[in-house]
Structures are given as structure tokens and as C-alpha cells.
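# Just a sequence and a predicted model for now, questions to come.
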Amino acid sequence: MAHDTGEYVAFRNVQKSYDGETLVVKDLNLSISQGEFLTMLGPSGSGKTTSLMMLAGFETATNGQILLDGRPINQVPPHKRGIGMVFQNYALFPHMTVGENLAFPLEVRGMGKDERETRIKRALDMVQMGSFAARRPAQLSGGQQQRIALARALVFDPKLVLMDEPLGALDKQLREHMQFEIKHLHDSLGITVVYVTHDQGEALTMSDRVAVFNDGRIQQLAPPADLYERPGNSFVAQFIGENNKLPGIVEELRDDRALIRLATGELIDATAVNIHKKGEKTMVSIRPERVEINTEMMPENAHLLDAEVREIIYMGDILRARMRVAGSEDFVVKLRNSIGQRRLNPGEKIRIGWHPQDARALDAV
Amino acid sequence: MASITQTAVPASSLASEGMPLKIRLARAQARNRRRAFLLVLPLLLFVTLTFVLPIGQMLQRSLYHDGFSAAAPSLGQWFSENPEDIRPDEAGFAALAADLRYMKEQNLAGAAGTRINYNVPGSRSLFTSAARKADDLEAPYRDAILGLDQKWDDPRIWVAMREASSPWTSDFYLTALDIQRGADGTLERVDEHSRVYLALYGKTFLLSGVITVICLVLAFPIAHLLATLPMGKANLLMILVLLPFWTSLLVRTTSWIVLLQGQGVLNSLLVSAGIIGEDGRLALINNQTGTIIVMVHILLPFMVLPIYSVMRVIPPAYARAARSLGATSWTTFRRIYAPQTLPGIGAGVLLVFILAVGYYITPALVGGADGQLFSNQIQFHMTRSNWSQAAALAAMLLAGVLVLYWLYDRLIGIDKLKLG
Amino acid sequence: MRKLLLSTVLSCMAFMSQADVTVMSWGGAYGTAQNEAHLKPFTEKTGIRTRMVDTDNAASPIRAMVEAGNVTVDVASIELADATRLCDEGMLEPIDPAKLPAGSDGTAAEEDFFHGGITDCAVGTDLWANIIAFDSTKFSGEAPSKAADFFDTEKFPGKRGLKKNPKAVLELALMADGIPADEVYAILETPEGRDRAFAKLDTIKKDIVWWEAGAQPPQLLADGEVLMTTAYNGRIFNAYIEEGKPFEIIWDGQIYELNTYAIPKGAPNLEEAMEFVRFATSTEGLAEQSRYISYGPPRKSSNAMEIIYKDEKTVMAPNLPSSPENRENALETSIEFWVDRDTELNERFNNWLIAN
């Protein structure tokens, strides 16, 4: 998974507006290296698909520049960009067989019959669909259509492949399987992939880097682990994974250490991420699995909070406890279902705490 | 259904209560089948009453006419006793005299004469006037009848009577093919200046083809616009497309006359704009051009609607996919978009063509000398109560349309038809 | 189908049998004319109630009723051609001409009526004509006055309107070619005669604008699309009297047809029906009808009367196809000829239309 350090795709100050009043994409700057698997993640309307369509050439940027391999492509029509694309509903041509679908990009490139057939066979074998060339798309299952769509996007050897929520229509099990296969193809072919999804699990498992979109902007661009463990702002913390949030005011700020006074008056420790001065409002984010209920496991003189257990949900590998903490009814704690784990009962009053680096003081929303 | 039964039986052929599963399944299904049949029964009756019966009757009429055979039993007898090529002898004329008396008695001379008149023009009055004097006829009948009118010696009348002595006849189809029975009973083409049906038949199909093609060329972009415009504007355009449906055919046709005639709006505009001179007024109506213009206008919605309904559901992703795969916009249109509109095109073409083939009011009103089409002949025979000839012509039209339908099925496939 | 039609007609008629004489006519202006001129005065005079039933062409319902043996109509207004056919088939009551009223001048009915006005089962009520009409404002010098002028495109250059139908067109062609009216059908019976008619049509073929519906010719004249056109005289009269159009009629070579009253076989009130027919077809009865519509009475004595249009000022004689001065070269359509030759000549006519 060694990337070129060079910049293969670049968005420079790109803006997009449909109605001339509001910007759907606001000042997008993004560099993607050759061979990278980059995912654009975000809720619908966040600008991720628009950005992808601008890269594909189906939408024109209102402002700014898009570069492909160092060349500005704003004026290049989509069919001359040489970018492979997989669509949400596959977009396999219904009036053509699988073979004809795959031949199409080769024919329009004026490729000879023999070479076409070699390539089609290779592409179909690649997705384990070698014997389906004569079928029509309507005769295939969703997963099979997905593979054909993938093979068609790859058959003309594009350097860059765009995928627009390609697995959205599949059931969970098939989706997970296809995630694996796409990742595998990416690794073995060395292509650059820009992948759009609103499914954070998909983004985290497949990507080298994830760009989290919201409100027309990239909120954070980071490898999956960083994104989960070190969310840069409260949107990302909220959007990626489960998250407890405690609103408060900055009481003390020393380097990256902060002391936060909650609305209910208690003080807690946190790592300062994007707070800047004393007295500022903040939102402290703690992952449910990082909350500690065994006081002896907590660092010395850590601040503890009172909690009352409201509900225990048995989930097999873990136990999910909903508690009342600092005025919030929905504080969630995940407990490993292991031998020696302390058992909690609804109504029980306990003390909870955490390591200061796991509590992140973010911008107040 | 059969496969279900087969797999179910070996699994447990004797189910509870001792009744084999197969029988219980059959009973359960029979109940459903009965219910389903009852549901479609009204439709079945409707189709039979309004479609199968009338068309069956039309086909029967095109081959059946008992106007003469019912009025001439004696001649029928004489014809069956005498093989084809015998000239009428005294016995033949005696039979004719007997039948003329019978016709007078039963008031059948007009009907019998009308039937013979279809084959030999001018013979209806021959029958009615002869029947009027039938009671005065005495042997020898040959001389007596020829004394009434020498035309009774015309072999063509005897050939026609022989053919008409059976109610089942191919005469009406022969006429429709510009063929007649000669004096010796053999088939021959009619006089050059009477040949009309085949020429009109060909012209009707040709003109319908031209109209269909023009409709297609005009409807395709309109339908595309309708399918891609935002809802509000598309609805407005749709109203414009449907407007011709809401005005009476006669009003529309008349407005076209006002627009296109020599002293009409269009010509006057062109003259006042100096584009054409006062002597150069264009002949846009009362000729083939007029027929085509007006019929295209009337039939356009029938082409737009099916194409639009197909285009509306073609996702834009196909075109994008094609473009991303390297196709120019023209290739995308030709190889991806157009083939997917084919079911709508097929439906529109078939609809417009069939409607055009059967039109007659419009060509009659704005077609001038060229405006007579095949249907006008059907209408002519219907107003003259010659149902059999009208039916034979209509059956020919039906046959032509069916042949085209079969060709369509062979070339494109009828399963690809999408009416909306 | 026929049974269905029949039962509908019968059920519609059932409640009408209250009236003593039921007259079935064409409706519209024509029906109104007969109602005003015949039905109302008849009731006034005799006390016998009358009722009018409208239909498109009474011949078909009459045939259906007689065949079904359930006749609810006493008198029907039908074309002479249909009357002749129905009479041939025994579907009409015979009418004894001797019992028809003599003319106001004392001439016996058989002498007073025009040819064709009295047949075995029908009595003529009016005649209407195919005539040539033109717009008088389009002629500053000499205006056309003869049938031959219609075919003279050198003297009167311009388009000609003609009905797209051989009937009345072939006859006109021969008359324009100099054949007197009484010889037209004898010549048309011969192949040479038919060739001659088509040859005459050939001379103006490129100048013809063909019309199909009766409403078209006045419109063609008004729009200036044609210089002259054949037309039904009633349509031209209406355009002239109602809309003030400057249209004029050339009566030379007019081809007229008759409408009649006939009594269906088995009419429920035969005596009253006969009385009605006698009343309506008297000299005065026929003249009265022409006060409402420009169709001429087929009795010489009626035409001798001064008939004034319902506007109380227009003298009808110059507008009626039956006036002696308009009948100098007039032709009665031959029913027999057209029954015999209809199909044949239609085929030839269409063949001629297609050929260039």
C-alpha cells in the first residue's frame, strides 16, 4: 500500500452553486495521491456527491480548479477524462448483454475485436463472473450486477476510479463481502479510488483516508483510526461512531489540558482540541467504550462523576449501559462482556471517570 | 404450477385426513381459478361483443352476399346442373323467367339486380324493369326475354349470375384487387381507367408511412424535452401537446384550411413580407402537402405520449455511465439512449401508422384530388349500403396492418412494445 | 345490431303514438319549414293533431319498422331515390295520383306536377339543385351566365370548386359541352359519352379545388379561394339572405333532385296520413314550404303563385330551382342511372383523380 507521494487529483478552492445563491460546495481543497483509496463521507446534502460529479465531469465547478495528474480538467468533457465510474444503481445498459456492456468502453476507444475479448474475459474473471458474458443485466442478482459494474469501470484500465455509493442497494452481508473485494481489487491493481458513501463503517474499513463532508466543507481529512479516536470537531465526533457529549465551559486551559465545568457544576478533565480561551463554551466528547466504571483503574486525582444506571442492554459481546450523568439521561457506557466484569443493575448509583486524553473538548454546537 | 405439484407429491403424497396433497392442492387452485375467471368474465364478454363478433361478421360479409342467390332459386338449380362453360339454352332462360316472376312476387328484383350490378354495371335496372314485366313472359323464354332487352344475351351477365348464384363469393375481394370476371368467366384486370383500389391501397400505406416518419422526427425531441424539463414547464408543454385532443377534429381541420389556403393567413403573411409574389402563393392545402401537414398535427400526440412515457423512466445515470466510459454525446445518444426509447418509438409508430391508415375525414376535406385514400372507398361503399364490398376493403386494410404488425414482431419484437 | 337499433327506435316512438299523424323528417331548417308550412296549418284546418320526429334520413328507420311490422310513423320525408327503392321493395303504401288535389288553376295533379313529382308511392314536396355560384364583386366586366363559362378558364381565369364525386359533376360537364339537358343521360349511358364527360373535366382539372361537405363552397367563395363553384342552392341562398354575401347563382345547367312525402306500409293512421299528404302537396301547401327554405315546389301551379320569403320582402321565384325561368336548361337527376352506374363511375372518377 505504498503510495506515490505525488499529487494525482487536486481540488483547488473549488466552489459549486446550482442556483447562484447558495454554495453546495464551499472552497474545497483536497489532494489525492496516486494509488490512494480516499472516501468522501458525509450526510446527504453535504456536497460529497457534487464533488465527485465535478471530478467526473458531470457538473462544472462554479469556481476554482480541478487537476488530474497535474493537468487542469475543468474544460475537459467527461468522456475524455479517462476516469472509470461505478454508479449507485450500477447503470448497466439494460439493452446490452454483460459482454456488450463491457465491450462498450473498448469499442468507443476503437479497440480491435481480439483485444476487446481478451480484456473482457480478464475483467470478468477478475470479478469471478467469467461465465456470465451472454446474460442480460436483468437476469443477474444485485451483487452480480455490482460486480459487472465494477468490471466495466475497470475494463479500460483507468488510473482513477470513482464510486458513488456503489454498495448502497445491497444487503448487509453482501455489502461487507463486496467491501472486501473492492479493497482487494484496489490493492492488486494499484488504482486510485475516490469513494463516496454515507456509511461510516464502510468508510472506516476500506479507506486510506476519509474526508468527512458537512455543509459543503471538509470537516476533517484523516486516516480512519485518527478520525475515530481523534475527531477534530464535534461534528466529526458525532458523525463517526457512538459518542457521549457533555456541554460545559472552559474553566482552565493549560497547553492541551483543560478543566471543564459542566452545566450541573461538576468539573472534569479533557484534552483541548479546538477550544482557545477560558470561559469559552465547549462540548466534551467521550467514546462509550472509554468510560471507566472501576475507580481503581483511573489515574490519580482524576475528576469523577456521579452516575445512576437507568438501563442495561445485553448485546452479546458487550453490555450497553444507559446512565444519567450530569443531567443527561442518555449517557452510554459500553462494557466488555468478560469474566470479572463488574455487573451493574438499573437504579444502582456509581462513580465514573476516564483518562483525560479520551475526553476531547471540542467546539460547542 | 406443475413443478410445484410434482415436487410436493413425493414429499408427502398422503397428507392428513387421508386426502392426497395433490388433490387438495388442485381443489384449492380450482377455487382461485374460478374466481379469477369470474373477474375477467365481463372483460371477456366485452371483447367478444365489441371486437370478435363485429370483426367476424365483417369478414363473413366480405365473402357472403345472398341478394341474388335468395332471389333466384331456379337459376341456382340450372347453374348447378350445367357445368361452367355452357351458353344459356332455352331451359336457362326459362329458369330466369321463373326467377323474375318470383322476384316480382317477393319484391326481390332490386336486391338481386344490385348484386349483379356489382359485377356488371348497368344491370340493376335490367332486373327491375324485366321483373316488372315478368308476368307477361311466355315461352319460348329466350326470345321473350331478349325481346325485353338484348342485354340479357351478354355473357358477362350470365357469368355474374353464375357466380352470384352461391351466396359465398370471392367477387368482392376480386373487385378490391382491380380484377373482374371476363365474358368467358376467366379473371382479368379491369380497364386501365377503372383501376383504383390497388393504387389507393399502396398510396394509403405510403402516405401513412410518410406521416409516421414525420411524426417520429417531430415527436422525439418534444418527448425528450417533456421528459427532461422541470415539472411545471413540462406540464405546460404537455398541455400544448394534448391541446389538439381537446378540440373537435372538424374545427382543427377547418383552422388549418384558414391558415394554409391560397388566400390564407400563412400565404398572406409571406406575400406581405415580400418573400413570395402575389402569383407565387404556395399550394399548401387541398393537395398531398395539406393532408400530410394536417394529419401530422392530429396524430402527433399519439407519437409523443408513448415515447415520453418511456423516456421519463430512463435514468440519467445511463447517459452518465456511457460518457464516463468514453462515449461522445452522439455515441451515447445513438448506442445508449435511443435504443432504450425503442419500446416507446415502436408503440408510437404502430399507433400512428394504424390510425393514419384508417383516416378519411381529414384527407377528404383537405386532400384535394390526391386526398382520396383507401378508407374513403370503404366509406363510399358503406353509404351505398354495399356492406360486402366495404367489408372486403376493410379486411384488406386489416390484412395490411397485420402484415406490418407481424414484420414488426419479427424485426423488433412485440414484447418490446410499451404503450405508456 | 339492427334489432338493437330497432328496439331503441321503437321505444322512443312508443309514447308518440298519441299524436294522430306522426311525420318523420330531417330536422334542422328543413324540418322547421315543414312544421310551419304543413303540420301546423293541417292541425288548424282539420283538428287532427300532428307531431314531428327528427332523424338524419328517415329511409333507414322506415325500413327497420316495416321489416319488424311495428310502424309508428305515418308520413316520412325521404329522398325520391330512397322512396323509389322502398317502393320497389313493397315497403310503402301506394298513393293514387287521381286522389291528389288538382292545381289551383284546375289542372289535374298528374299534369300539374313536374316529372318525378308523382311516383307510385311518393309525392314530391320540393326540389333542390346543384348549381354554379360566384361572387359578383369579383367580376367588373362580363359575369358568367352559362354552364359553359364554368369550364372557360380563358375567358374567366381562376379556380373552380367542384364536389369530389362523379354525381352531378359528369352531367354538368356534358351540359357545359353543349349537350341539352334531356339528352345527358342517354349520352352518359354510352362509353363514348362517359369519355366525353371526363375529357371535358380534363380541360379544367388543374384549376379545380375539390370540396366534400355542403358548407365548404360558400366558404371557398367568401375566402376568394375559387372564382366559381358548384354548390347546393340552399347554401348559397342562406349565405346571401342571412349573411348578405354578394353571391349569385347561374341557373343554366342546374341539376336537381326531389324530396317526397311517403307513407310507410302499415302506418297506424293511414286515412289521416293520406289526408295530410294531400293537404301538404296541394298548390298552396307546397308554395307555403318555399316561404321558409329555398327549395322549389314541384308543381307548376305553385310556381305560378307569388311566393314571399318569411322576411316578408324577398321574392322567392328567382331563388327557387323550380321557377320556370330557372328551369330553362335544368336536369333532373336520374335515380336509375346512378343506381346502375354509381360504383363503376366512382371507381373511374377516383382513377381519374389520381392520374395526372
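Everything's here; your move.
# per-residue pLDDT, C:Met1?
According to the prediction, C:Met1 has pLDDT 46.
# residues near the residue nearest to B:Arg252 when sequence neighbours are not counted, how many?
Setting aside the residues directly before and after it, B:Arg252 is nearest to B:Pro244 in space (Cβ to Cβ, 6 or more residues apart in numbering or on different chains), at 6.1 Å. For every residue, glycine as well, the C-beta is placed using N, CA and C. For B:Pro244, the number of neighbouring residues by other Cβ atoms under 10 Å in any protein chain shown comes to 14.
# and the one helix or strand B:Pro244 maps to, what does it pack onto?
Taking DSSP states H and E as the definition, one finds B:Pro244 inside helix B:231-246. The contact analysis (3 or more Cβ pairs under 8 Å, 6 or more residues apart in numbering or on different chains; DSSP states H and E) places helix B:231-246 against helix B:197-228, helix B:288-312.
# Domain map for the chain?
Here I'm looking at chain A. Residue ranges for the structural domains of chain A, counted by automatic domain parsing, are given in the record as A:7-234, A:243-363.
# hm, I was asking about chain C
According to automatic domain parsing, the ranges for chain C are C:2-127+C:258-313, C:128-257+C:331-354.
# As a markdown table, those domains with distance to chain B would be great.
Output for these, formatted as a markdown table (distance: least, Cβ to the nearest Cβ, whole Å):
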| stretch | distance to chain B |
| --- | --- |
| domain C:2-127+C:258-313 | 4 |
| domain C:128-257+C:331-354 | 4 |
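# Make TSV out of those domains and add mean neighbour count.
Output for those, formatted as TSV (neighbours: other Cβ atoms under 10 Å in any protein chain shown):
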stretch	mean neighbour count
domain C:2-127+C:258-313	19
domain C:128-257+C:331-354	19
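# Of those domains, give the one that comes closest to B:Met311.
Closest approach to B:Met311 among those is made by domain C:128-257+C:331-354 (38.7 Å; Cβ to Cβ).
# out of the domains of chain A, deepest packed?
Mean neighbour count, computed with mean count of other Cβ atoms under 10 Å in any protein chain shown, is highest for domain A:7-234 among those, reaching a mean of 19.
# and that domain, does that touch chain B?
Yes. With Cβ under 8 Å from any Cβ of the partner chain as the criterion, chain B is reached by domain A:7-234 at A:56-58, A:77-85, A:87-89, A:91-95, A:104-105, A:108-109, A:152-153, A:156, A:162.
# tell me the mean pLDDT over that domain?
Mean pLDDT, computed over domain A:7-234, is 93.
# quick one, the helix holding B:Pro244 and helix B:197-228 angle?
With axes from the mean of the first three to the mean of the last three Cα atoms, to 10 degrees as the basis, helix B:231-246 and helix B:197-228 are set at 160 degrees to each other.
# Just put the helices and strands packed on helix B:231-246 in TSV and tack on mean neighbour count.
Listed next are the helices and strands packed on helix B:231-246 as TSV, based on neighbours: other Cβ under 10 Å:
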stretch	mean neighbour count
helix B:197-228	19
helix B:288-312	22
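# Show me the one of these that comes nearest chain A.
helix B:288-312 (12.0 Å; Cβ to the nearest Cβ).
# Show me what the helix or strand following the closest one is packed up against.
Next in sequence after helix B:288-312, counting helices and strands by DSSP H and E, comes helix B:316-324. For helix B:316-324, the packing partners by 3+ Cβ pairs under 8 Å, 6+ apart come out as strand A:83-86.
# Check the residue nearest to B:Arg252 and give its pLDDT.
pLDDT at B:Pro244 comes out at 77.
# Looks like it contacts B:Val304 (just checking).
No. Taking Cβ atoms under 8 Å as the contact criterion, B:Pro244 and B:Val304 are not neighbours in contact, 10.5 Å apart.
# Now do the same contact list for the residue in the stretch 51-200 of chain C that chain A sits nearest to.
Of all residues in the stretch 51-200 of chain C, C:Lys164 sits closest to chain A, at 47.9 Å by Cβ to the nearest Cβ. By Cβ atoms under 8 Å, 6 or more residues apart in numbering or on different chains, the contact list for C:Lys164 reads B:Ala364, B:Ala369, B:Gly371, B:Gln372, C:Trp210, C:Trp211, C:Glu212, C:Leu353.
# Which parts of the stretch 101-250 of chain A are helices?
Along the stretch 101-250 of chain A, counting by DSSP state H, counting those that start in this stretch, helices occupy A:113-126, A:142-154, A:172-189, A:200-206, A:224-229, A:234-239.
# Looking at those helices, spot the one closest to C:Pro191.
Closest approach to C:Pro191 among those is made by helix A:113-126 (69.6 Å; Cβ to Cβ).
# what's the angle from that closest one to helix A:172-189?
Between the axis of helix A:113-126 and that of helix A:172-189 there is an angle of 130 degrees, by the same axes, to 10 degrees.
# quick one: contacts of helix A:113-126?
Under the criterion Cβ under 8 Å, 6+ apart, residues A:98-99, A:102-103, A:106-107, A:111, A:130, A:132-133, A:148, A:151-152, A:154-156, A:185 lie in contact with helix A:113-126.
# Which members of those residues are positioned in strands?
Counting by DSSP state E, the contacts of helix A:113-126 place none of their members in strands.
# and chain C, which of these contact it?
The subset of these within reach of chain C, by Cβ under 8 Å from any Cβ, is empty.
# still on that earlier bit, contact partners for the residue nearest to B:Arg252?
For B:Pro244, the contact set (Cβ under 8 Å, 6+ apart) comprises B:Arg252, B:His297, B:Ile298, B:Leu300, B:Pro301.
# could the residues you listed go into a markdown table alongside distance to A:Leu221 and pLDDT?
Written out in a markdown table, the entries for the contacts of B:Pro244 read as follows (distance: Cβ to Cβ, whole Å; pLDDT from 0 to 100):
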| residue | distance to A:Leu221 | pLDDT |
| --- | --- | --- |
| B:Arg252 | 64 | 85 |
| B:His297 | 60 | 91 |
| B:Ile298 | 62 | 89 |
| B:Leu300 | 55 | 93 |
| B:Pro301 | 54 | 92 |
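# By mean pLDDT, point me to the weakest helix or strand of chain B.
Considering only helices and strands, the least confidently modelled element of chain B by mean pLDDT, DSSP states H and E is helix B:2-11, at a mean of 44.
# picking that back up, the residue nearest to B:Arg252 and B:Met311, how far apart?
Spatial separation of B:Pro244 from B:Met311 under the definition Cβ to Cβ, to the nearest Å is 20 Å.
# Any chance of the backbone angles for residue 68?
Picked chain A for this. The main-chain torsion angles of A:Leu68 are listed as degrees, to the nearest 10 and equal phi -130, psi 120.
# again with B:Lys133
Backbone torsions for B:Lys133, taken as degrees, to the nearest 10, come to phi -100, psi 10.
# burial measure for it, as a count.
Neighbours of B:Lys133 (other Cβ under 10 Å): 14.
# What sits closest to it if chain neighbours are left out?
If the residues on either side of it in the chain are set aside, B:Lys133 comes closest to B:Leu148, at 6.2 Å by Cβ to Cβ, 6+ apart.
# what does B:Glu278 give?
Spatial nearest neighbour of B:Glu278, excluding adjacent residues (Cβ to Cβ, 6+ apart): B:Val271 at 5.9 Å.
# dump the residue contacts of the residue in the stretch 1-150 of chain B positioned nearest to chain C.
Proximity of the stretch 1-150 of chain B to chain C (Cβ to the nearest Cβ) peaks at B:Pro121, 3.6 Å away. Taking Cβ under 8 Å, 6+ apart as the criterion, B:Pro121 is in contact with C:Asp340, C:Arg341, C:Thr343, C:Glu344.
# host element of it?
Under DSSP H and E, no helix or strand contains B:Pro121.
# separation between it and B:Arg162?
Distance of B:Pro121 to B:Arg162, computed by Cβ to Cβ: 18 Å.
# same thing with B:Asp184?
Counting by Cβ to Cβ, the gap from B:Asp184 to B:Arg162 is 12 Å.
# okay, the two: which has more neighbours?
Neighbours per residue (other Cβ under 10 Å) separate B:Asp184 from B:Arg162, with B:Arg162 holding more: 20 against 11.
# So the more buried one is in contact with B:Trp78, correct?
No. Checked against Cβ under 8 Å, the pair B:Arg162 and B:Trp78 is beyond contact range at 9.5 Å.
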